[in-house]
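Chemist: give me a model of this one.
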Amino acid sequence: MVPAGALRFLRLQLYSRAAAGLAGAMERAVVRCVPAEPKLILSLVVSDGSARNLQRDREEPLGRALARIAVHAAKGWAKAAKKGRKGPASREELPLPAVRLFSRDGEAVADDVPNTDAWQDGAVLQIGDITYRVERNPPMLTELHLPRSLLAGFPVCPKLATEFTAPHHCLFRWFCERPPSADGAQPTWVDVEGGDQQVFVPSNVHVGQRLKLHCTPHDGLQRYGVPREVESMGPVEAGPGACTFDARHLYTRKLAPAGSLRAVSYNVLADTYAQTEFSRTVLFPYCAPYALELDYRQSLLHKELAGYHADLMCLQEVDQAVFTDSLGPALEAFGLKGLFKIKEKQREGLATFYRQAKLQLLSQHDLTFSQALQEDPLHRELQDKLATYPVVQEKVLQRSSVLQVSVLQSTNEPSRKICVANTHLYWHPKGGNIRLIQAAVALSHIRHIACELYPGIPIIFCGDFNSTPSTGLYHFVSSGSIDEHHEDWVSSGEEEKCSMSLTHPFKLQSACGEPAYTNYVGGFHGCLDYIFIDAHALEVEQVIPLPSHEEVTTHQALPSVSHPSDHIALICDLKWK
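Modeler: Got it, this is the predicted structure:
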């Protein structure tokens, strides 16, 4: 059976003559040969114009493959002859054509050479008097889609998947649809000004017009693949007007200077939660249904995040499909590389993005809290303490919460490294004791990385901690300790009490202070999100002001038509001391 990826390859790479002159006067013979697949696939068009796809063993001698190609070519000749025959008389069988393969240097490739070595890029295949240029694993598009929601003033980020190249190497051209004239002429597509980038921002003049994207895969060097086009399902619509993040963008128009880092922490509201009946009718009944749709919220989110020009971005509640298909490619187009950690048994998780021009990834150290408690000797003492409280222990081990830890290095000053941690702790209002255990595991793990693996590097600990500044969790993280008598140890009642003292070695401060709220829904508002920084090594240059209360409550609460999440992003500029 042909692998699904190979079928996509064949559908997209085959066409009857050399596309757009990219292969010169020769036909194309496209070869797919990847280590993960046992078969080599040769795709070409024979004399009758039909596509032929031959699967051959990678280690098969070339001579056997050429003999099979000759058979296919003869069938094509016979078919072409039959189409051209006017009378009913039977035709004689046509002879097999001569088939040879030549290397780029013009030397004939020996018949005993394995297929995997014989079919090299630039080789020439001769079938009778027809010449084919061999293209081995040329750049290709496997997927190209436009979002359903197109808003004026908001970036349109295509869903784009490539093989044998990277999306940023592709060539893009955007068009808008000119409506039919009064004389009944058909609509025409017109180039849009500045429409040669992966991401396009339609303006108000495009309202009511559909968009089309023409994309040519390119490997960044000399090879091009078969171009594809995609048209939007509907027209560009007017934007929602003023958004909660517009005023914040005035502070983040430019990138943070060298030596500084702009950090963002943001729970972006997973689609898997936003689209439930409970969310629509109970949690967010004030939000217009269309504003809870994924494509609409993604349009807002792309504009919001791109406008912050962040160097570090820690996001929570990121759907796995959204990260792969939408958010990751969109932010990569704006210069950010993304890392993803999914929660166990969930379809959402954590995403950390970093600006590639400023930072590079040294290592990743992600974990699942429950698994780390059970298996990592680093947490043996905490696990032993927890074992004396079996009810609480069971609840802790049932949680799917995870921690994402990335060690990054400055591209300009390699001596500067930083440990970036991202998490989303247990959500239940009475789960303060669970969150304390999770934080203890997180900080112990971070200590191992920042004090033992990379001694002395500063840390940034971001996330949705589901804890207000009055809770034991906030006190523990910011003060470095919590005693066994704190009231949060009985947050779930006396029957689930688990009293223990905890410490960590860091001096952490909330870089954005203690806002009145970072989460604002119909029945609750409070500060749940933080960017904790290593106060010994980092200092705050500026905190980007949160939206005003009037902006947040314009549509009663969050999310809304002008804000994509029920949380508000925290943003600050940090500097090494």
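
Chemist: backbone dihedrals for the spatially closest residue to residue 497 that is not a sequence neighbour, please?
Modeler: When the adjacent residues along the chain are set aside, residue 497 lies closest to residue 490, with 4.6 Å between them (CB to CB, 6 or more residues apart in numbering). In short, each C-beta sits where N, CA and C put it, glycine included. Listed backbone geometry of residue 490 is phi -120, psi 30, with angles given as degrees, to the nearest 10.

Chemist: which SS state does the residue positioned nearest the centre of the chain fall under?
Modeler: In the chain, the C-alpha nearest the mean C-alpha coordinate belongs to residue 328, at 2.2 Å (CA atoms, centre = their mean). Secondary structure state of residue 328, per DSSP: H, G, I helix; E, B strand; the rest coil, is helix.

Chemist: just say helix, strand or coil for the nearest residue to it once chain neighbours are set aside.
Modeler: If the residues on either side of it in the chain are set aside, residue 328 comes closest to residue 338, at 4.5 Å by CB to CB, 6+ apart. In three-state terms, and counting by three-state DSSP, residue 338 is strand.

Chemist: contacts only, for the residue nearest to residue 497.
Modeler: Neighbour list for residue 490: 433, 496-497 [criterion: CB atoms under 8 Å, 6 or more residues apart in numbering].

Chemist: now, those that are in helices?
Modeler: Secondary structure of the contacts of residue 490 is defined by DSSP state H; positions in helices are residue 433.

Chemist: wait, isn't residue 541 in contact with residue 262?
Modeler: No: taking contact to mean CB atoms under 8 Å, the distance of 9.1 Å between residue 541 and residue 262 leaves them out of contact.

Chemist: between those two, tell me which one has more neighbours.
Modeler: Each of residue 541 and residue 262 had its neighbours counted (other CB atoms under 10 Å), and the higher figure belongs to residue 262 (25 against 16).

Chemist: domain ranges for the chain?
Modeler: The chain breaks down into these structural domains: 4-73+98-136, 140-236, 244-576 (assignment by the TED database).

Chemist: just the pLDDT at residue 93, thanks.
Modeler: In this prediction, residue 93 carries a pLDDT score of 59.

Chemist: common neighbours of residue 541 and residue 262, please.
Modeler: Where contact means CB under 8 Å, 6+ apart, the residues bridging residue 541 and residue 262 through contact with each are 256, 572-574.

Chemist: who does the nearest residue to residue 32 once chain neighbours are set aside form a beta bridge with?
Modeler: In space, not counting the residues next to it along the chain, residue 32 is nearest to residue 41; the distance is 4.4 Å by CB to CB, 6+ apart. Beta-bridge pairing of residue 41, defined through DSSP bridges, involves residue 32, residue 55.

Chemist: what do you get for residue 532?
Modeler: With DSSP bridges as the criterion, the beta-bridge partners of residue 532 are residue 461, residue 510.

Chemist: test my guess that it contacts residue 480.
Modeler: No: counting by CB under 8 Å, residue 532 does not reach residue 480; the two are 11.5 Å apart.

Chemist: those two: which is more packed in?
Modeler: Shown here are residue 532 and residue 480; by other CB under 10 Å, residue 532 has more neighbours (23 against 15).

Chemist: how about that one, what does it touch?
Modeler: By CB under 8 Å, 6+ apart, the neighbours of residue 532 are 460-462, 477-478, 508-511.

Chemist: just to revisit the earlier point, right, and the residue nearest to residue 32 touches residue 51 too?
Modeler: No: using CB under 8 Å, residue 41 is not in contact with residue 51, being 11.9 Å away.

Chemist: those two: which is more packed in?
Modeler: The residue with more neighbours, out of residue 41 and residue 51 and counting by other CB under 10 Å, is residue 41; that gives 21 against 14.

Chemist: need the pLDDT of the closest residue in space to residue 118 that isn't next to it in sequence.
Modeler: The shortest distance from residue 118 to any non-neighbouring residue, by CB to CB, 6+ apart, is to residue 62 (4.2 Å). pLDDT recorded at residue 62 is 97.

Chemist: wait, is residue 135 part of a strand?
Modeler: Yes: looking at residue 135 with three-state DSSP, it is inside a strand.

Chemist: surely it meets residue 29?
Modeler: Yes: between residue 135 and residue 29 there is a contact at 7.1 Å, judged by CB under 8 Å.
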